[in-house]
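> Attaching a predicted model along with its sequence, questions to come.
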Amino acid sequence: EAQVTQNPRYLITVTGKKLTVTCSQNMNHEYMSWYRQDPGLGLRQIYYSMNVEVTDKGDVPEGYKVSRKEKRNFPLILESPSPNQTSLYFCASSFWGKGSTDTQYFGPGTRLTVL
Amino acid sequence: GEDVEQSLFLSVREGDSSVINCTYTDSSSTYLYWYKQEPGAGLQLLTYIFSNMDMKQDQRLTVLLNKKDKHLSLRIADTQTGDSAIYFCAESPGFQKLVFGTGTRLLVSP
């Protein structure tokens, strides 16, 4: 089954404790992206990657890191989480191409609480 | 800058039609999208419309695009309780880039 998986689905942590949220897709997609969803703000892009070893900042990259060592995986790293990073995080992937056929497929989300 | 606006909430009765509205700012967007988010789940692409179209119909869904006013709407005919979800409008101002609206929570009551 074609899917994007994220782990963990729920996480409660404390300020300053490094954490990683994993994302994996099995569709051989070149493009992967991380979003955060906050009430009243919709989804905002954190980072994206166009292929292995190619990453770039989205609209709200501060406080986050990513890496793309393999095509299928795109982990999101919070080196020193703060309470304002409490949010719902989504990973998405798609083929790298033109037009609406390059639908972004979304993972189920990771709800992060930073105390 | 890019901005997509939606009303936050819509409540309808089962069997009625629902109309969810969206305004966007970037006239260069080639495609405009509607995504659906069910409780506890990720976003799922519902439908999309190419910017040179005025209307697209897909079973119970009708998308209307007014490019002059930068207004997009999603009409769901014969709304069912299973349609209760958050609906996001999104524009694509750049290659592979999506800008989402705040989402409209649709509540369908029996």
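Happy to help now that I have it.
> where's whichever residue of chain A sits closest to chain B relative to A:I12, distance?
Chain A approaches chain B most closely through A:F106 (3.5 Å), counting by C-beta to the nearest C-beta. (C-beta placed from N, C-alpha, C; glycine too.) From A:F106 across to A:I12, the span is 23 Å (C-beta to C-beta, to the nearest Å).
> Around chain A, which positions in chain B sit nearby?
Counting by C-beta under 8 Å from any C-beta of the partner chain, chain B comes close to chain A at B:4, B:8, B:30-31, B:33, B:40-45, B:48, B:50, B:88, B:95-98, B:100-103.
> Provide the partner residues of the residue most central in space within chain A in its beta bridges.
Nearest to the mean C-alpha position of chain A, by C-alpha atoms, centre = their mean, lies A:W34 at 2.7 Å. Beta bridges link A:W34 to A:Y47, A:C91, judged by DSSP bridges.
> Enumerate every residue touching it.
A:W34 sits next to A:23, A:45-48, A:58, A:64, A:66, A:74, A:76, A:89-92 when contact means C-beta atoms under 8 Å, 6 or more residues apart in numbering or on different chains.
> Now for A:P39, how many residues are close by?
Neighbour count of A:P39, defined by other C-beta atoms under 10 Å in any protein chain shown: 10.
> quick one: which of A:F106 and A:I12 has more around it?
Each of A:F106 and A:I12 has its neighbours counted (other C-beta under 10 Å); A:F106 has more, 24 against 11.
> ok, now how distant is the more buried one from A:R9?
Using C-beta to C-beta, one obtains 14 Å as the distance from A:F106 to A:R9.
> quick one: contacts for the residue in chain B positioned nearest to chain A?
Chain A sits closest to B:G42 of chain B, with a gap of 3.5 Å, by C-beta to the nearest C-beta. By C-beta under 8 Å, 6+ apart, B:G42 lies in contact with A:V4, A:F90, A:A92, A:F106, A:G107, A:P108, A:G109.
> change it to 7 Å
By C-beta atoms under 7 Å, 6 or more residues apart in numbering or on different chains, the contact set of B:G42 is A:F90, A:F106, A:G107, A:P108, A:G109.
> Skipping adjacent residues, who's closest to it in space?
The shortest distance from B:G42 to any non-neighbouring residue, by C-beta to C-beta, 6 or more residues apart in numbering or on different chains, is to A:F106 (3.5 Å).
> can you pull the contacts of the one you found?
By C-beta under 7 Å, 6+ apart, the residues touching A:F106 are A:V4, A:F90, A:A92, B:G42, B:L43.
> at 6 Å instead, please
Applying C-beta atoms under 6 Å, 6 or more residues apart in numbering or on different chains to A:F106 gives the contacts A:F90, A:A92, B:G42, B:L43.
> is it in a bridge, and if so with what?
In this entry, A:F106 is beta-bridged to A:A92, by DSSP bridges.
> now swap in B:R75 and tell me
Beta-bridge pairing for B:R75 (DSSP bridges): B:V19, B:T62.
> does it really touch B:L64, like I thought?
No - here B:R75 does not reach B:L64: they are 7.2 Å apart, not a contact under C-beta atoms under 6 Å.
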